[in-house]
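**Q** Sequence isn't available, so here's the structure alone:
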């Protein structure tokens, strides 16, 4: 593939980033890992920027949402871990 003027060579950038990480202390790498965990994924960005639904909420929708919120309240605000769902439905 031919590179055009002004085009970024991602392989060079990746190499430079890896070299920077290799020069970091363990504490800096741990901090970078925490920072990267907050960086939005393309899916999260797409969801955040998606227009709101123009379909009205049905009574059934409202009931199901209220039921889910009540379940979360009764379970300390914690959902079911993904791994537990995989085990329950044998999706491992």
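**A** Looks like it came in fine. Remember, it's a predicted structure, so these values are computed and weren't measured experimentally.
**Q** which is the next helix or strand following the biggest helix by length in the chain?
**A** Criterion DSSP state H: the longest helix present in the chain is helix 59-74. The helix or strand immediately downstream of helix 59-74 is helix 82-88, counting by DSSP states H and E.
**Q** what's the neighbour count on residue 32?
**A** Neighbour count for residue 32, taken as other Cβ atoms under 10 Å: 13. (C-beta placed from N, C-alpha, C; glycine too.)
**Q** swap in the one 10 residues further on?
**A** Here the number of neighbours of residue 42 (other Cβ under 10 Å) works out to 7.
**Q** Grab the nearest non-local neighbour of residue 78.
**A** residue 72 (7.4 Å; Cβ to Cβ, 6 or more residues apart in numbering).
**Q** what about stretch 12-19, average pLDDT?
**A** Per-region confidence: stretch 12-19 scores 94 on mean pLDDT.
**Q** May I have the distance across stretch 45-59, first residue to last?
**A** One end of stretch 45-59 sits 29 Å from the other (Cα to Cα, to the nearest Å).
**Q** Please disregard the earlier target; I meant stretch 18-31.
**A** Stretch 18-31 end-to-end distance (Cα to Cα) = 15 Å.
**Q** Run the chain-centre distance for that stretch.
**A** Centroid displacement of stretch 18-31 relative to its chain, using Cα atoms, centre = their mean, to the nearest Å, is 23 Å.
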